[in-house]
Structures are given as structure tokens and as C-alpha cells.
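>>> sequence first, predicted coordinates after that:
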Amino acid sequence: MCYPCASGNLNAEQVWVMSGAKARRAGRKCAVLFGCAVMVGCGSAADDGTPIQEGVEVTLSDGMVVGEVDGTTRRFLGIPFAAPPTEARRWLPPESPEPWDTPLQATEFSSACPQLEAVTSPGSSDNEDCLYLNVWTPSPAPSGPLPVMIWFHGGSNITGSTGDSIPFLEPPTLFFNGRGLVEEANVVVVTANYRLGVMGFFSHEALSAESADGVSGNQGLLDQRMAMEWVAANIAPFGGDPNNITIFGESAGAFDVCFHMVSPGSQGLFDRALGESGGCTTALRSRSEAEAEANVFTEAMGCEESADIAACLRGLPVADLLMEAPEDGAIENPPGGDLYSGGTPRWQFGAIVDGVVITDQPRTLFDDGKVADVPYLLGSNTDEGTVFHVLQREVTTEAEYLEALERQFGATVAAQVVEAYPVSDFDTPQDALERVTGDSLLVCSVRDTAKRAVAAGLDVFFYNFNRPIPIPALQALELGATHGAEIAYVFGSVGPDQLEEEDLALSASIQRYWGRFAATGDPNGGNELAWPMLSEDRDIRLNLDVTLGTVEDFRSDVCVLWESVYDSQFE
């Protein structure tokens, strides 16, 4: 059955009214069939008959886009997948973009979504017109439809964009360049912006009152879902298979992938999930908690007495809304850095359990089996924590180490952490603290999600990335295999002018693993080392390094401690 389509894009409301994965898949196919009504200049055809178009001019249901050739890849940058979320549309769910009559020159990235400058994402933005995506596909066009990989960038859901450069590297080098995956893994790559911070994760009673569902927040997740719907409706003429979609992301993007796995409205819009350094089975804030903080924020914005709070907030300049939250109880320039200041921010903006987009704690949904029935590839990096301490004050003594832990975790847990991570096991107290940061935030939380995914019956492929990027500018920072280090290998962002042959070979192996997973749900095949599945009986993961290997029970001893901390969040 084909559900009625009003346009080439399924919007969020259409997806919500469909019940079950079969209905959503039917909607995907319907959207694709609609999209082929205006196709011209076609070569081969997708499995459903939609023509695959040759060249750099591709005609979609909304209008023509004109891209460019880069190597043996065609790229199309800055394609609108949603209407600008400006003025009255600020904080609303995304809406379909307006069609265009003049060919769209798709050769430049769009603006980043509103954000403040950050160490890993230099440059601020106050431009709300930012919901654009980018497509990389083979040149010449493929003879048949290829697997599609949709990328969601990291940045704590408060910074980042599809046009980011590799941090700390000169000259500026595009981080998420889809060309490498296209040419090595034989896939179509899509990268998408989404609303961030207060613009993308703002839940307020006044906004909830406007919604038919009675909720607000998680706008950034809805943007990502809209990008998935756009891909389902429009990717076929680029040579992508709308019925073989992998969502993948790193850090916040990986957390978001995990959220989509438990979101009823997203299930059925993708066929595999891949998360780099992020899961989602630790405690998530509730809607009531988020709305209470939103009231504090509204007061800080001077809108608490307004007769129409939503209108007052929508009338404020973006720069005002990006105000950093004051922290209560924080000490200034603390040993250990900002993560160990002991402060509580008066407000924060991120994904929440709203009852609609995310219906319950993701941990509960995993444990109850209410998760997308798709293969799941995920993992973390050996030295996740080091990058979070760049340009931060170090702890230099055991006493400062203990005090930093007590500020962050309280005296009882801090004592347990010191026992699990004694300074004597590390070169310096700072090295011990950086290991604590990485394990507590990412290594062990990702392991928790992986284990719960196995228990839910999913095919799970687990990894550890163990290779420090051997670039002098980055080696000087002594970050090791830090958070995000794998991205340049996944995308092949760094070329032979910067990397030796062994690192180029590792990058190619990772791309082929990722590509085979996107194609079949199993990364195995080719000449690479066999990748065993994670099981309830065997904690095994692939170790991604210049010599591929496997590792068992990676940091399982300390992860037992952190799992008890995660458990306590639900008590």
C-alpha cells in the first residue's frame, strides 16, 4: 500500500500519523515514486524505477540542483531540506522547504546553525537559516542504487556543522568530506545540519501549549528526522537506495543516532545505525526538569512577565538567546578544568524525555525491546578524555586530583574512583583524571548501551579506536587516540601529504568496514580481519589500529564502577 503524499517530502506530521515500521516504509516508497515524476537527464534506474541522473545537474521535486565534480565524486552542497526556522517558525517542528524555479547552485556549505565559538568548532553563528544538507555520490553515476549513509555531526548538540574543519590542523581541512567514503566504500553520503542548543533543544510550557502533542523540545532531533525523510524522498536520482539507509554520527551525533533508535517516529526511516563515541542509556532529563530550567532562562531573557512569552522569546535576537548559563557553586579556574568546577548550570539544552519524540528513558526502552530492530555498530576511543582538558588547568598533585573528583562526583564515589584509578597507575595525576573523564563520559556509557542492545536482540558490532593521529600539530598536544580521532579515518579527511601509508591503509579498512555494514548490516567481508559480534557471553570488540586486532573485556573492571554510577541516576 502507498500512503498519500502531498509533496516530495514527508513531513513530521505525516510520519506521526503512520503507525508501525511497515507504514513508515510505505511512506518512504511513496515519496520516492512521487519524486521521479520530474526527473530528466537520467541514466540507470533504481530498483523501484526511479531514474538515476548523470552529471552535476540533478532535478528534484523541489527544483534543480547544480553541483560539481571532485575526483570521481559528484558533490551537491547546501540543499535545503526544511524551511528556515525563523521568526514564527522558531522552535517549531521543521517544515518542508519552498520549491525553487531557478537552478540552485549547490557548491557551498550553508551557514552553521546558531552557536557560540568553541575550541573544536571555531567561529560563532547567529544565522537561523541553516537547515541544509550535502550529498556526495559517484561520478559517473552508479549503474544501480547504492547504500546511503546520513551523518550527524558532534559538538554536544550545542556546536558544530557539516562544514567544520579538523580542529587544530593547518591549513584548514574539511572534517566531514564524503568523497573518501564514496570512493572507497561505494556508498552515497549525506551530511545534515540541525538546530543546536537553545534553538534546537528548548522545551517551554508556552511552546508546548502551541503543539498538538502538548510538548516542545527535541527540535534538533526532529530536524534530523526531517533530513531522513528528505533522503527517502530525494536520494534515488543521486544514485542512492532509499530502502537502505544508515544513520551514523559521532559524539552528540552518536547519542542522537541512539535516540532515533528508540523514537517511534524515527523507527522505520533507517535500516542500520552506527554510533562513534556515544550511546544513550544513561539518565536523560525529563520534560518537567527542562521546563523548570526554561523558566529560569526566560526570566534571564526578560520575558517572564510578558503576556505572550513565546512571542517575546521569538522576538529576541539570536545573540541574546545564546547567553551562557551562569553556574551556581562553581569555583573559578579549577584544577582539573571546567568539567570539575563543582558548579550547576542554571539551564542547559539537550535531548529530553518529552513523551512523544522520546517516550521514556532510552534505557527503559532498550530493556523493554522498544528499539529499532536494526544492526548496530558502535564503539569508543582509547583516550576519549584528553581533548576535554585542552587549554584547561591541570591537577598537579594527588590532593588536587581527589578534590576535583569530589567536586564532580561527591566524596563517596570519589573514593571509589581513586581506588579504581590510583595515581600510581599513571604518569601524572592529570593523566589519571583524563582517563576518568573519558571512561565515565564515554567509554563505559557506550559499553552500557552496547550490552543493552545485545540484550534487546540486536546484532551488535563493537569497536575500540586505538590510533593517535600521527600529525605533528596534533601530536604536540599529546591527545593520543582522543575523542573524535577516528573521524578523519572514517572520512579519509587527511591525505598522503599528512599521513604515512600505514595510516592511509587503516583509514581505507575502516571505510570498507563502514561501507559493508551500510550495505548489508555486517561489516565483515573483503580482506580485513573478521569482526566478531558482541554477545552476552563475550565482551569482544575490534581494535582499530595500524595492526587490526580484537580485544576482550576492555576496561570492564572500571566500567563496573561506572555502571553502578549510571544505575544510581535512576534511583
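Nice, thanks for sending it over. None of these values were measured; they are calculated from a predicted model.
>>> when you work out contacts or count neighbours from here on, use the C-alpha atoms and nothing else.
OK.
>>> now do the contacts for residue 546.
Taking C-alpha atoms under 8 Å, 6 or more residues apart in numbering as the criterion, residue 546 is in contact with 467, 502, 503, 505, 506.
>>> longest strand in this structure, by residue count?
strand 240-250 (DSSP state E).
>>> show me what that strand is packed up against.
If you count contacts as 3 or more C-alpha pairs under 8 Å, 6 or more residues apart in numbering; DSSP states H and E, strand 240-250 packs onto helix 21-35, strand 146-152, helix 219-234, helix 252-262, strand 272-276, helix 501-520.
>>> Provide the strand pairings for it, with the direction of each partner.
Sheet pairing for strand 240-250, assigned by DSSP bridges, gives strand 146-152 (parallel), strand 272-276 (parallel).
>>> and residue 379, which of these is closest to it?
strand 272-276 (5.6 Å; C-alpha to C-alpha).
>>> please state the offset of that closest one from the chain centre?
9 Å (C-alpha atoms, centre = their mean, to the nearest Å).
>>> likewise for stretch 460-479?
Centroid separation for stretch 460-479 versus its chain: 19 Å, with C-alpha atoms, centre = their mean.
>>> one more: stretch 433-445?
Counting by C-alpha atoms, centre = their mean, stretch 433-445 is centred 19 Å from the centre of its parent chain.
>>> what subset of the contacts of residue 546 is buried?
Buried members of these, counted by 16 or more other C-alpha atoms under 10 Å: 467, 503, 505, 506.
>>> mind listing the strands for the stretch 101-250 of the chain?
Counting by DSSP state E, counting those that start in this stretch, residue ranges of the strands within the stretch 101-250 of the chain are 104-105, 132-138, 146-152, 188-192, 240-250.
>>> distance to residue 211, mean pLDDT and mean neighbour count added to the ones you listed, as a markdown table?
As requested, the strands of the stretch 101-250 of the chain are exported to a markdown table (distance: least, C-alpha to C-alpha, whole Å; pLDDT from 0 to 100; neighbours: other C-alpha atoms under 10 Å):
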| stretch | distance to residue 211 | mean pLDDT | mean neighbour count |
| --- | --- | --- | --- |
| strand 104-105 | 33 | 98 | 18 |
| strand 132-138 | 24 | 98 | 27 |
| strand 146-152 | 26 | 99 | 28 |
| strand 188-192 | 25 | 99 | 27 |
| strand 240-250 | 27 | 98 | 26 |
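>>> adding distance to residue 276, write these out as CSV.
Output for these, formatted as CSV (distance: least, C-alpha to C-alpha, whole Å):
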stretch, distance to residue 276
strand 104-105, 32
strand 132-138, 20
strand 146-152, 11
strand 188-192, 15
strand 240-250, 4
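>>> what's the burial count for the residue nearest to residue 471 when sequence neighbours are not counted?
Spatial nearest neighbour of residue 471, chain neighbours left out: residue 498 (6.5 Å); criterion: C-alpha to C-alpha, 6 or more residues apart in numbering. Residue 498 has 13 neighbours, counted by other C-alpha atoms under 10 Å.
>>> next: residue 321.
Using other C-alpha under 10 Å, residue 321 has 20 other residues around it.
>>> pretty sure it is touching residue 301, no?
Yes: if you go by C-alpha atoms under 8 Å, residue 321 and residue 301 touch, sitting 7.4 Å apart.
>>> re earlier: got TSV for the helices and strands packed on strand 240-250, with distance to residue 81 too?
Converted to TSV, the helices and strands packed on strand 240-250 look like this (distance: least, C-alpha to C-alpha, whole Å):
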stretch	distance to residue 81
helix 21-35	14
strand 146-152	13
helix 219-234	6
helix 252-262	18
strand 272-276	21
helix 501-520	23
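>>> compare the ones you listed and give me the one nearest residue 360.
helix 252-262 (8.8 Å).
>>> show me the strands in the stretch 251-400 of the chain, by range?
Per DSSP E, counting those that start in this stretch, the stretch 251-400 of the chain carries strands over the ranges 272-276, 327-328, 344-345, 376-381.
>>> packing partners of the last one?
When you say that, I think you mean strand 376-381. Using 3+ C-alpha pairs under 8 Å, 6+ apart, the elements in contact with strand 376-381 are strand 272-276, helix 444-455, strand 460-465.
>>> circling back: nearest to residue 556, out of the helices and strands packed on strand 240-250?
Closest to residue 556 of these is strand 272-276 (C-alpha to C-alpha; 18.9 Å).
>>> relative to residue 71, how far out is the residue most central in space within the chain?
In the chain, the centroid-proximal residue (C-alpha atoms, centre = their mean) is residue 253; its distance is 0.9 Å. Distance of residue 253 to residue 71, given as C-alpha to C-alpha, to the nearest Å: 28 Å.
>>> so what's the nearest residue to residue 320 once chain neighbours are set aside up against?
Once flanking residues are discounted, residue 320 sits nearest to residue 301: 7.5 Å by C-alpha to C-alpha, 6+ apart. Contacts of residue 301 were listed using C-alpha under 8 Å, 6+ apart, and they are 313, 320, 321.
>>> residue 160 contacts residue 112, correct?
Yes: contact between residue 160 and residue 112 holds when scored by C-alpha under 8 Å: they sit 7.1 Å apart.
>>> which of these two has more residues huddled nearby?
More neighbours surround residue 160 than the other of residue 160 and residue 112, with 29 against 26 (other C-alpha under 10 Å).
>>> residues touching the closest residue in space to the more buried one that isn't next to it in sequence, list them.
Nearest non-adjacent residue to residue 160, counting by C-alpha to C-alpha, 6+ apart: residue 121, 5.6 Å away. Contacts were defined as C-alpha under 8 Å, 6+ apart; by that measure residue 121 touches 155, 159, 160, 164, 165, 167.
>>> and residue 131, by the same measure?
Residues counted as contacts of residue 131 (C-alpha under 8 Å, 6+ apart) are 80, 81, 82, 83, 84, 85, 113, 192, 193, 194, 195, 223.
>>> so the fourth one belongs to a helix, correct?
No: counting by DSSP: H, G, I helix; E, B strand; the rest coil, residue 83 falls outside a helix, being coil.
>>> tell me where the model's unsure across the chain.
1-48, 120, 122 (pLDDT under 70).
>>> identify the farthest-apart pair in the contacts of residue 131.
Farthest-apart pair in those is 85 and 192; separation 14.9 Å (C-alpha to C-alpha).
>>> circling back: in a markdown table: the contacts of residue 546, plus distance to residue 418.
As requested, the contacts of residue 546 are exported to a markdown table (distance: C-alpha to C-alpha, whole Å):
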| residue | distance to residue 418 |
| --- | --- |
| 467 | 27 |
| 502 | 38 |
| 503 | 36 |
| 505 | 39 |
| 506 | 36 |
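>>> please identify which of the residues you listed is nearest to residue 442.
Ranked by distance to residue 442 (C-alpha to C-alpha), those are led by residue 467 at 17.0 Å.
>>> mind listing what that closest one touches?
Neighbour list for residue 467: 480, 481, 485, 486, 544, 545, 546 [criterion: C-alpha under 8 Å, 6+ apart].
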